[in-house]
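Peer 1: I would like the atomic coordinates for the input below:
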Amino acid sequence: MQADFSFFHYAILVLYVAASLALGLWFARGQRSAEGYYMAGRSAPWWAAAISIISSDITAVSYLGCAALVFTNDLQLLIGTFTLPLAAVFVSVVFVPFLARRKAFTVYEFLEQRFGRGVRTMASGLFLLTRGSHLAVALYAAALVTSQVIGLSLGGCLLLIGGLTTLYTVLGGMKAVLWTDVVQFFVLMGGVLAVLAGIAYQFDWNLAEIWRIASEPVPAGAPWLHGKVETAGHTRLIDLSINLTQMNLWAIAISSFLQSIGSYGSDQVLVQRYLSAGSQRQMVWSLLGGGLLIVPVNMLLFATGVFLVAYYSHFLGSPGHAWVAELTDANRVMAHFIGHGLPGALGALVLAGLFAGTMSSFSAGLHSLSTATYADFLALIRSRRTDDRRDVQVAKRVTAAWGVAIVGAALLLGGHDTIFAILAKVMSPFSGPLVGIFLLGMLSRRATTLGAWGGTLAGAAATVAVTQFTRIHWLWYYVVGSVVTLALGYLLSWIPREARATLPTPGR
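Peer 2: Below is the predicted model of the structure:
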């Protein structure tokens, strides 16, 4: 499915990547301590941190997955976007005051104060597994579409995107990550707008007609349906039915709210964005700004799915669009459209947007993985103090090691589910219990170390069980892990102190 890419297209991509590397080299000059490397000296403007929060969380999974989800289903998942501002307010009230007072490197320092060092390192370890899995899936998705569009092998694309992003992240530290996030956000949104504009132009900018076509079933015989016949369109927003095996309002609302709290409150990648803003006031502004701005951003991402449904339905069988009938995998509709449906500069801009989404999220995640490894593991076991210059060198080596590990993990990924389903299966055994630990510590004064450990192990086991042995919808995976962790952790915390003394409990 390789597109006819010209020298002009490749030149844009080369210049874009070169600019990112140049930023990394520029910010490498001022690194004098681990705090400067990991936290940008706690001097980032709140608006830049807010944009970085969004940019670091929008990956190829979002860029491709939102379109694929609407193309294969409908708009229901968009409702979950509106839980993000509420979660941002909650975290601003509960988490930010503690983090600002302590000048924490990681959010997991809260758990050490609440439950002891053992729970802190356990939670940080869960984060490493969670975000490492997320980055591997995101990198795999981006490399997959890039290989289809420009014709480079999948392995080559993984090494290109992962290797170059690792390089500027290692060199530039948090400042490079933050400011490239800002630039890449606008490139990413430019790519989204290019898709929408390219399709709207084909319909003479008649948005009502696009919505009408997307609201109807795809014509019978569409090759991506594989003989199935649709009975409904793709613009449904709300399903009030109660069914654990299907997507509906209840699954979306509950799962999205818990995941939103987890994202803003226990995911070091997003937490580190607002920690770099310095003062408590600046942290709150950056967090609330990111929570509000993500709403229109996600609406545009989901809109690409609606536009693509209308485009492929309308032009299926059209003499001038014979390539539309070549789409056989609905989950790859965005890649197919980038490769065939966008002319000239628009195609290059969209591919640059894909690169931007991947590089920004990969660099942010990579940097936060390194931060958690350094602050929650290495810094706690060092037997002697080292000078600041030595700390920076250690930090860079840890970042580079994580880059190699994530690229290697991405090479092992594959599957036939939607990108969102793959992500849920890989991450849920870790991410659900992680937010459950934080909720246990925040909501209950009675919660104990035994409850935190026991609840977490039970939550992870329960999540694995429902993913492997039930047909429950993947939206519930996160809910199962977090609720089991919270509930069993609370029950175990009622065990009397005398009885707890006889139980094998990991040390504080």
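
Peer 1: list of residues touching stretch 237-256?
Peer 2: 73-81, 83, 471-473, 475-476, 478-479 (CB atoms under 8 Å, 6 or more residues apart in numbering). The C-beta positions use only the backbone N, C-alpha and C, and glycine is treated the same way.

Peer 1: where do the strands sit along this protein?
Peer 2: For the chain, strands defined by DSSP state E do not occur.

Peer 1: closest to the centroid, which residue in it?
Peer 2: Centrality entry for the chain: nearest residue to the mean C-alpha point is Asp57, 4.2 Å, by CA atoms, centre = their mean.

Peer 1: check contacts around that residue.
Peer 2: Asp57 makes contact with 263, 269-270, 294, 361, according to CB under 8 Å, 6+ apart.

Peer 1: can you list the residues you listed in CSV and add neighbour count?
Peer 2: CSV is the format used below for the contacts of Asp57 (neighbours: other CB atoms under 10 Å):
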residue, neighbour count
Ser263, 23
Val269, 25
Leu270, 25
Ile294, 22
Ser361, 30
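
Peer 1: could these be laid out in a markdown table, adding pLDDT and distance to Val398?
Peer 2: Converted to a markdown table, those look like this (pLDDT from 0 to 100; distance: CB to CB, whole Å):
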| residue | pLDDT | distance to Val398 |
| --- | --- | --- |
| Ser263 | 88 | 23 |
| Val269 | 89 | 15 |
| Leu270 | 90 | 20 |
| Ile294 | 94 | 29 |
| Ser361 | 81 | 19 |
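
Peer 1: can you put those in JSON lines and add distance to Ala40?
Peer 2: As requested, those are exported to JSON lines (distance: CB to CB, whole Å):
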{"residue": "Ser263", "distance to Ala40": "21"}
{"residue": "Val269", "distance to Ala40": "14"}
{"residue": "Leu270", "distance to Ala40": "15"}
{"residue": "Ile294", "distance to Ala40": "21"}
{"residue": "Ser361", "distance to Ala40": "18"}
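
Peer 1: ok, those vs Met442, which is closest?
Peer 2: Ser263 (15.5 Å; CB to CB).

Peer 1: so where do the helices sit in the stretch 401-508 of the chain?
Peer 2: 419-443, 449-469, 475-492, 497-500 (DSSP state H, counting those that start in this stretch).

Peer 1: for the first one, the averaged confidence score.
Peer 2: In this model, helix 419-443 carries a mean pLDDT of 75.

Peer 1: now the shortest one
Peer 2: Here the mean pLDDT over helix 497-500 is 58, rounded to a whole number.

Peer 1: just use 680 as the starting number from now, easier for me
Peer 2: Okay, using 680 as the starting number, the last item reads as helix 1176-1179.

Peer 1: Ala893 is nearest to which of the helices of the stretch 1080-1187 of the chain?
Peer 2: helix 1098-1122 (19.4 Å).

Peer 1: so where's this structure shaky on pLDDT?
Peer 2: 680-688, 703, 707-711, 739-740, 827-828, 1022-1023, 1061-1067, 1092-1107, 1176-1187 (pLDDT under 70).

Peer 1: off-centre distance for the biggest helix by length in it?
Peer 2: Secondary structure of the chain read by DSSP state H shows that its longest helix is helix 833-881. Relative to its chain's centre, helix 833-881 lies at 14 Å (CA atoms, centre = their mean, to the nearest Å).

Peer 1: same question for stretch 737-750.
Peer 2: The answer for stretch 737-750 is 11 Å, by CA atoms, centre = their mean.

Peer 1: what does it rub up against?
Peer 2: 756, 813, 816-818, 820-821, 824, 864, 867, 870-871, 913, 976-977, 980-981, 983-985, 987-988, 991, 1009-1014, 1032-1033, 1036-1037, 1039-1041, 1097-1099, 1102.

Peer 1: please repeat the previous calculation with a cut-off of 7 Å.
Peer 2: 756, 816-817, 820-821, 824, 867, 913, 980-981, 983-985, 987-988, 1009-1010, 1012-1014, 1032-1033, 1036-1037, 1040, 1097-1099, 1102 (CB atoms under 7 Å, 6 or more residues apart in numbering).

Peer 1: quick one, which of those residues are buried?
Peer 2: Using 16 or more other CB atoms under 10 Å as the burial test, these include 756, 816-817, 820-821, 824, 867, 913, 980-981, 983-985, 987-988, 1009-1010, 1012-1014, 1032-1033, 1036-1037, 1040, 1097-1099, 1102 as buried.

Peer 1: give me the subset of these lying in helices.
Peer 2: 816-817, 820-821, 824, 867, 980-981, 983-985, 987-988, 1012-1014, 1032-1033, 1036-1037, 1040, 1098-1099, 1102.

Peer 1: that older thread, columns distance to His1019 on top of the helices of the stretch 1080-1187 of the chain, output as JSON lines?
Peer 2: Output for the helices of the stretch 1080-1187 of the chain, formatted as JSON lines (distance: least, CB to CB, whole Å):
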{"stretch": "helix 1098-1122", "distance to His1019": "20"}
{"stretch": "helix 1128-1148", "distance to His1019": "36"}
{"stretch": "helix 1154-1171", "distance to His1019": "32"}
{"stretch": "helix 1176-1179", "distance to His1019": "64"}
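
Peer 1: closest to Trp1081 out of those?
Peer 2: Taking CB to CB, helix 1098-1122 is the member of the helices of the stretch 1080-1187 of the chain nearest to Trp1081, at 16.1 Å.

Peer 1: just to revisit the earlier point, so which of the helices of the stretch 1080-1187 of the chain comes closest to Tyr880?
Peer 2: Among the helices of the stretch 1080-1187 of the chain, helix 1098-1122 sits nearest to Tyr880 (CB to CB), with 27.5 Å.

Peer 1: of all the residues in stretch 1127-1142, which ones are buried?
Peer 2: Buried residues in stretch 1127-1142, counting neighbours by 16+ other CB under 10 Å, are found at 1127-1139, 1141-1142.

Peer 1: for these, which one is nearest Ser1110?
Peer 2: Thr1142 (8.9 Å).

Peer 1: so what touches stretch 1116-1129?
Peer 2: Under CB under 7 Å, 6+ apart, the answer for stretch 1116-1129 is 773, 790, 793-795, 798, 802, 944-945, 1130-1131, 1134-1135, 1161, 1164-1165, 1168-1169, 1171-1174, 1179, 1182, 1184, 1187.

Peer 1: closest to Pro998 among the buried residues of stretch 1127-1142?
Peer 2: Thr1142 (50.5 Å).

Peer 1: can you give me the end-to-end span of stretch 939-953?
Peer 2: The straight-line separation of the ends of stretch 939-953 (CA to CA, to the nearest Å) is 15 Å.

Peer 1: contacts for that stretch, please.
Peer 2: 728, 731-732, 735-736, 762-763, 766-767, 769-770, 774, 785-786, 806, 810, 962, 965-966, 1043-1044, 1047, 1050-1051, 1110, 1113-1114, 1117.

Peer 1: in helices, which of these fall?
Peer 2: Using DSSP H, the members of these that fall in helices are 728, 731-732, 735-736, 763, 766-767, 769-770, 806, 810, 962, 965-966, 1043-1044, 1047, 1050-1051, 1110, 1113-1114, 1117.

Peer 1: can you tell me how far the closest residue to Arg793 other than its chain neighbours is from Gln947?
Peer 2: The shortest distance from Arg793 to any non-neighbouring residue, by CB to CB, 6 or more residues apart in numbering, is to Gly1120 (4.2 Å). Separation of Gly1120 from Gln947 (CB to CB, to the nearest Å): 16 Å.

Peer 1: compare these two (neighbour count), which wins?
Peer 2: Gln947 (27 against 20; other CB atoms under 10 Å).

Peer 1: can you point out the buried residues in stretch 1138-1156?
Peer 2: For stretch 1138-1156, the neighbour count (16+ other CB under 10 Å) marks 1138-1139, 1141-1143, 1145-1146, 1151-1156 as buried.

Peer 1: over to stretch 814-833?
Peer 2: In stretch 814-833, counting by 16+ other CB under 10 Å, buried: 814-829, 831, 833.
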